[in-house]
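> What follows is a predicted protein model with its sequence.
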Amino acid sequence: MALLNVEDLKVYFHTRNGVVKAVDGISFSVDRGETFAIIGESGSGKSVACYSMLGLIPKPPGRIEGGSARFNDQDLLTLSESQLRKVRGKGISIIFQDPMTSLNPFLKIGEQLIEPLLLHTDMSRKQAWQKATELLLEVGIKDAEKRMNAWPFEFSGGMRQRVMIAMALITEPDIIIADEPTTALDVTVQAQILKLLKELQVRRNIGVIFISHDLSVVADIADNIAVMQQGKIVEQGSRDSIFKEASHPYTQKLLAAVPDSEKVPTALDGEQAIVEVQDLCVYFGSEKHGNQVRAVDKVSLRVERGEILGLVGESGSGKSTLGRAILRLVNPSHGKILFEGQDITELKAAQLKPLRRHMQMIFQDPYASLNPRMTVYDTLAEPLLLHNIANKKTLDAEVFKLMDSVGLARENVLRYPHEFSGGQRQRIAIGRAVATKPNFIVADEPVSALDVTIQAQILDLLLELVERFDLTMLFVSHDLGVVRYLSDRILVMKHGELVEAGTAHDIFSNPQQDYTRSLLEAIPGKSLLLGEVGSVGGPDR
Amino acid sequence: MSETTQTLTESAEAMPRGVSLWQDAWVRLRKNKLAMIGLGILGFVIVICVLAPWIMPYGYEEQDLRLGASAPSAAHWLGTDTFGRDLLTRIVYGGRVSLMVGFIATAVALLVGVSYGAIAGYVGGRVDAIMMRLVDIFYALPFMIFIILLMVVFGRNLFLLFLAIGAVEWLTMARIVRGQVQSLRQQEFVEAAISLGLPPTAIIFRHVIPNVLGPVVVYTTLTIPQVMLLEAFLSFLGLGIQPPMSSWGLLISYGVESMEEYPWLLIFPGLALSLTLFSLNFLGDGLRDAFDPKASKD
Amino acid sequence: MWRFIGFRTLQAIPVIFVVITVTFFLVRAAPGGPFDDEKAVSPQVQAALEAQYRLDLPMHEQYFAYLADLLRGDMGPSFNYPGRSVDELIFQGLPITAELGFYALLVAVGIGVLSGVIASLRPNTVQDYVPMSLAMIGICMPSFLLGPLMVLVFGIWLDWLPVSGWDQSSGDKVLPSITLGAMYAAYIARLSRSGMLEVMSQDYLRTARAKGLPERVVVIKHALRAGLLPVISYLGPAFAGLLSGSFVVETIFQIPGLGRFYVQAAFNRDYTMILGTTTFLATLIVVFNLLSDFLAAWLNPRLRYQFQKGK
C-alpha cells in the first residue's frame, strides 16, 4: 500500500454566501520516493486539499465532509487535534510558498529549526542544535554554525527557502508537502531550489507532494501529476502521460497555455527608431550617505518602430525602473531619452502632456493599477476626454469600442474593478493604455500576476493589439518563455546594466554571456518549453 | 467622477450598475447590529439636543426652590437638582454643548489634519520629512497639561477650548492621512494617471482623495468621542465649560458633590455621556470594519 | 541602536526646552498678577514681594534667571505656600502619585493584556465578546464618572472599601488605582486583541502549527511578542494619560499627590508652582515616551541586531 492514500476527500467552506465546495471528492496516493504534483490555478482547491488533511484549515468555515486519508495505518481525517499534532512536522511536513513571511521574524533561525526536534524527539537541545547545523550545511548554507544564530531578515529569499526546507526535513518525515515553494523566487534561484528538493528526496527516499500552478515547473521533477479544477481532479497520471496524452480539455488548455513557441520576427522597415536611450542612469539614494543604488547604469538602447522588444532580468535588475524612466515616470540621473527623435529627458510635466498621449504603460498588478472607486466607464473615459479624443457626444461610443477591442462585455461598463477577475481587470488596464492610440507602450510584467490560462489569453490580446494599432512595445518580464513567445528582440539586464541583446532566436540558441546562459539553464521545464517532451509543439511552431 | 458618468446616453444607462465601494461598505455596515444601534441612538440624541428649546417643557434655568432636589417623578422624569431645576432639561441642554464641542473641535482637527497630512504625503521628500518631524515633536508634548495651563492662564474660554482640543487631535489625523496618501501615491493607478498626462490637481481630486475618504470618515467618528471625553474631563475639573452654560462633564461634577443624598444627579448625566460615547465608538468600529473588507473575513 | 537612542534623546532635549519656554511665557502672559487677591498691601510690601519673586526684572532676564535656576534643580519658591519651595512640594507629592500611577499601570497592563489576548484566541465567540464589551464600557466610562460611581457603590452603599485618603486605612488604595487604570486597561485590551489577531493571520504562525506545536506554544512563543508590540508603543502615551488622569482621581479621592497640588495651584494662580509642576511633569512624560520607544525598538530584532553590531 502507498504511503499516503487519499480517498474521496471532500472539504467544503460554509460561508454566509453559501457552501463553497473547495475540494470535492478527490483521490490520490503518494509513495515513498515519489514526487506527486498537484497542478491547478488559483482557487482550484489544491492547497486546501493538502492542508485539510493536517487540520490546518480554519474550521469553521471549513469542514471536512467526507473521505479518508490513510497514512501509517491511521486515517488522518478522524484523528483528534492532539493526535494530528504528532503527525504534523513529524510524519508530514510542509514547505510554504513565501519564504519571506513563513519564518518568524522575532526568533533566530536556529531556534526555529530545532523546535520540531525538541517537540517530536527526545533529543537534547545541544544534539538538536548539532543536527540542525549539519542540515543547514546539507541544504547549501555556508557558515552554518554562525548562521544558526542569525535572524531571518539577514537571509535572502532563496536562502530562507533553504532554511524552510531544512526545517521541514529535520524530523526526517515520510512526506513533504511543498506548496508552491519556488513561486516567490527568481528563476535561477528557483532552479537551485528545485534541484535541491529533488536531490534530498532521492537521498532520503521520501514522498513529496508538490503543489503548483505552473506545469512547466513540475515538468522536470514530477513522477505523477494530478490536474485540479474547481475542487476536482480532472485528470491524473504519470508525467509522460499527462504531457503526451492529455485527454481532458482542461489539461490540454493548460498545456496549450504554456508559451512554447518563438515569435517569427516582424520585418522592420528600418526607419528612425521610436525610442532611443543613450547612457541612461537612474540612481536612488545618495552617494554621500553611502546608500546609493544604481538601479539603471549607463544603458543605451533603441526601440525600432513596430517591434516588440523584450526586456528580461531577475528581480532587482532594474528592468522596471528602466521602463518607467523611458516614460519619464522616474527621473533619470544622467543620460538622454529621445522619443520620436525629440529629447524628452528634461521636459517638464506640462510639456510632456501632449507626448503622453503617444506613450503609455501597462502595469503588473491589475489589482493595484485600477482606481477602486472608478467604474470601467470612468477609467476608460478619462484618457479619452483628457486628450480630446472623444467629446461628450462620442464618448459612449468610443468607450464601447475600446471595450470591444480588449474583449470586455459592454454590459460591464458601469461596474467597479473589485467586481472583476484578474484577467478582466488587466483587460481594463490595457484598454486604458490603448485608449489614446499610442505609438509606444511599456508593458511591465503584465501577465505575471495572472493564472496560466488567463496569461495566454492576455498575451494573445497584446499581440493582436500590437498588430491592429501598429504598436511598438517594450515588454518587461522575468519570464523567458513569455518573452520568447512575444518578442522580436530580447535585451538581458543584470544589476542595472544591459548584458546581452539579440533576436529571440539568437538569444535562445546561441547565448553569448554566462549570465544569459544561466538564465536559460534555469527555465523550468525546458524540455516542455522547447518541445522535447512530446506532442506539445515544436520550437518553431 | 460623476461628471463623466452624467454624460452616459440611454444605451449606457440601461447597463447594470456596479456596486461601488461606498455602497459595499454601507451594506456591510447595515449588517452590523451594534453599529446600527449606535447610529440610531446618536441620531436620537442629536435630534433631541438640537430641538431642545422647542420640545423641553421646562426652561434651562427654571428653578422650583420649594421642590429642591427631588427623585424622578411624572412631572420631572429624571428628577430635579438641588435648586429644583429639571434634570432632563439640564442634561439635554448640556448635551447641546458637549456635542457641539465634540463636532466643532473634531472639524477643526479634520480640517487641519487632513490638509497637513495630504500635503506632506503627496509632496513627499524633504517637505514631508520636515512636516512629519514637526508632528513627532508635537506628539511628544504633554498636551493635556498644556490645555489645563491654557485654561488656567486665559480663563475658561469656549473658543479657546475648541482650538486647544482641535490642536491635540489633528496630529493623529495628519499621520493617518499622510500614511494613506503616501501609500496611494505609490499605487500603480496613480502612476497610470501620471502616465496619462493627468495634471496633479486632477490626480489628487479624482484618484487620491476619494480613496482616503474611508479612513478619514472612520477616524473622524472615533475622534468625536475622544474630544467629548476631553471636554467633560476639563469641565469636571472646573477648567472647561463654565456656568451658567452647562455640559455633561459639569453636570457630573455637580452630581458628585451630592451623590450620597441624590445619586440620580450623578447617574443620569453619566448615563447620557456614556451612552453617547458608546454609540459613537460602536459606529466608528462598525465603519472601520465596513471600510476594511479584510476585517470582515467571510 | 546606540545611534537610534542618541538621536532620539537629542530630539527630546529641544522638546523639553520648548515646553519650559512656552510654559514660562504663557504663565507670565497671564492676565492678573498672583497677588491681586491679597488685600491691599502697601507699595513697599508689594515691591519686596516682587523682588523676592524677581517680578521686577525685565521678562527676558526673568526667563534666563529661571533657566539658570532650573539647571541647578531649583524651581523657586511657591507663591501660595510662603517659605516653601516648589521642589519641596513636588517631592512631597511625587511618591504618592508615583505609587498610584504604578498600581494603575499594573491594573491597565495586567488586565488589559490578559483580556485582550484571551479575546483574540477565539474571535467572534463569547470568549471574545465578553471582555471586549467590558473594554467598550471602560472606554466610555471616564475616570471622573467611574470613580464616583465606585465610591457610591463600594464605598457608600456596600461599605466595603474606604472612599478617600491614601495610606490611611487598609484598602484605600484599591478604588483609586482601579479608577485610574480602568480606561487604559480597556484601551490596552483592544490594542492587544487587534495586535494578536493581526499576528495570528501571519504565515509564520501557520509554519509553527505545521510543526505540530501545541496552540499554547504557538501563542506564547510565536505570536505574543509581535502581537504586543503595539501595546509597548502605547505605554508612553498611556503614562502621560495616567499622569493627567491622576489630577482627577486625586481630587475625587482626596489624595495629597502631585496631581492635586497641580489642580490647586491652577485655581490659586500659584504661578511658580504651575510652572514648576508643568515643567516637571512634561519632562517626565517626554522621558517615558522615550523609554517606551526604546523598549519597542529593543524588541525589534532588526534594530537590536544593529545594536549588537555596534552600529
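Received the coordinates, thanks.

> Just confirm residue B:142 contacts residue C:286, I think it does.
Yes - using CB atoms under 8 Å as the test, residue B:142 is close enough to residue C:286 to be in contact (7.3 Å). In this view, the C-beta of every residue, glycine as well, is placed from N, C-alpha and C.

> Give the intersection of the neighbour lists for these two.
Residues touching both residue B:142 and residue C:286 by CB atoms under 8 Å, 6 or more residues apart in numbering or on different chains: residue C:19.

> Report pLDDT for residue B:3.
Listed pLDDT for residue B:3 reads 40.

> let me redo that: residue A:308
Per-residue pLDDT puts residue A:308 at 93.

> ditto for residue C:226
Residue C:226 is given a pLDDT of 87.

> Kindly report the same for residue A:404.
Per-residue confidence (pLDDT) for residue A:404: 92.

> Can you give me every residue that contacts it?
Each residue near residue A:404 by CB under 8 Å, 6+ apart is listed here: residue A:410.

> Spatially nearest residue to residue A:202 (excluding sequence neighbours)?
Nearest residue to residue A:202, sequence neighbours excluded (CB to CB, 6 or more residues apart in numbering or on different chains): residue A:33, at 7.2 Å.

> Just give me the neighbour total for that neighbour.
14 (other CB atoms under 10 Å in any protein chain shown).

> And what about it, helix, strand or coil?
Residue A:33 falls in the coil class when you classify it by DSSP: H, G, I helix; E, B strand; the rest coil.

> do you know how far the residue nearest to the spatial centre of chain B is from chain A?
In chain B, the C-alpha closest to the average C-alpha coordinate belongs to residue B:224, at a distance of 2.2 Å (CA atoms, centre = their mean). Using CB to the nearest CB, to the nearest Å, we find residue B:224 at a distance of 25 Å from chain A.

> Is it correct that that residue is in contact with residue B:109?
No - look at residue B:224 against residue B:109 with CB under 8 Å: they stay out of range, at 9.7 Å.

> give the contact list for residue B:248.
With CB under 8 Å, 6+ apart, residue B:248 has these contacts: B:91, B:94-95, B:98, B:228, B:232, B:235, B:269, B:272-273.

> Need these in TSV (columns: pLDDT, neighbour count and distance to chain C).
Shown next, in TSV, are those (pLDDT from 0 to 100; neighbours: other CB atoms under 10 Å in any protein chain shown; distance: CB to the nearest CB, whole Å):
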residue	pLDDT	neighbour count	distance to chain C
B:91	89	22	14
B:94	88	28	14
B:95	89	26	15
B:98	88	31	12
B:228	89	28	10
B:232	88	30	6
B:235	86	28	9
B:269	90	29	9
B:272	91	22	11
B:273	91	28	7
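
> would you list these in CSV and tack on secondary structure?
Listed next are these as CSV, based on three-state DSSP:
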residue, secondary structure
B:91, helix
B:94, helix
B:95, helix
B:98, helix
B:228, helix
B:232, helix
B:235, helix
B:269, helix
B:272, helix
B:273, helix
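
> would residue A:328 count as being in a strand?
No - under three-state DSSP, residue A:328 falls outside any strand and is assigned coil.

> gap between the residue lying closest to residue A:213 once chain neighbours are set aside and chain B?
Closest residue to residue A:213 apart from its sequence neighbours, by CB to CB, 6+ apart: residue A:41 at 5.7 Å. Remark: distance between residue A:41 and chain B (CB to the nearest CB) = 22 Å.

> Secondary structure class of residue A:41, three-state.
Classification of residue A:41 by three-state DSSP places it in coil.

> Identify the residues contacting it.
Shown in contact with residue A:41 (CB under 8 Å, 6+ apart): A:213, A:229, A:451-454.

> Make a PyMOL selection of the buried ones in those residues.
Buried subset of the contacts of residue A:41, written as a PyMOL selection, criterion 16 or more other CB atoms under 10 Å in any protein chain shown:
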select buried, chain A and resi 213+229+451+452+454
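
> and of the contacts of residue A:41, the nearest to chain C?
residue A:213 (17.7 Å; CB to the nearest CB).

> what residues are up against that closest one?
A:39-42, A:180, A:183, A:451-452.

> What distance do you get for it to residue A:234?
Counting by CB to CB, to the nearest Å, the separation of residue A:213 from residue A:234 is 15 Å.

> Likewise for residue A:390?
Distance from residue A:390 to residue A:234, by CB to CB: 45 Å.

> and those two? which has more neighbours close in?
residue A:390 (21 against 18).

> The more buried one and residue C:87: what is the separation?
Residue A:390 sits 78 Å away from residue C:87, going by CB to CB.

> And residue A:39, by the same measure?
77 Å.

> just for chain A, where's the confidence low?
A:268-270, A:527-541 (pLDDT under 70).

> Domain map for it?
A:4-256, A:307-322+A:344-529 (automatic domain parsing).

> Let me know whether the longest helix belonging to chain C sits next to chain B.
If you go by DSSP state H, chain C has its longest helix at helix C:86-121. No - Helix C:86-121 stays clear of chain B (CB under 8 Å from any CB of the partner chain), getting no nearer than 13.4 Å.

> what's the following helix or strand after that helix?
Downstream of helix C:86-121, the first helix or strand assigned by DSSP states H and E is helix C:126-140.

> Show me which residues of that next one are buried.
Those would be C:128, C:131-132, C:134-136, C:138-140, for helix C:126-140 by 16+ other CB under 10 Å.

> got a markdown table for the domains of chain A, with distance to residue C:194 too?
Listed next are the domains of chain A as a markdown table, based on distance: least, CB to CB, whole Å:
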| stretch | distance to residue C:194 |
| --- | --- |
| domain A:4-256 | 18 |
| domain A:307-322+A:344-529 | 24 |
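
> If you tally nearby residues, what's the number for the closest residue to chain C within the stretch 401-541 of chain A?
Here the stretch 401-541 of chain A gets closest to chain C at one residue, residue A:449, 18.7 Å apart by CB to the nearest CB. Residue A:449 has 19 neighbouring residues, counting by other CB under 10 Å.

> which ones are touching it?
Per CB under 8 Å, 6+ apart, neighbours of residue A:449: A:364-367, A:422.

> The stretch 401-541 of chain A: helices as residue ranges?
For the stretch 401-541 of chain A, applying DSSP state H, counting those that start in this stretch gives helices covering A:422-434, A:452-468, A:480-486, A:504-509, A:514-522, A:526-529.
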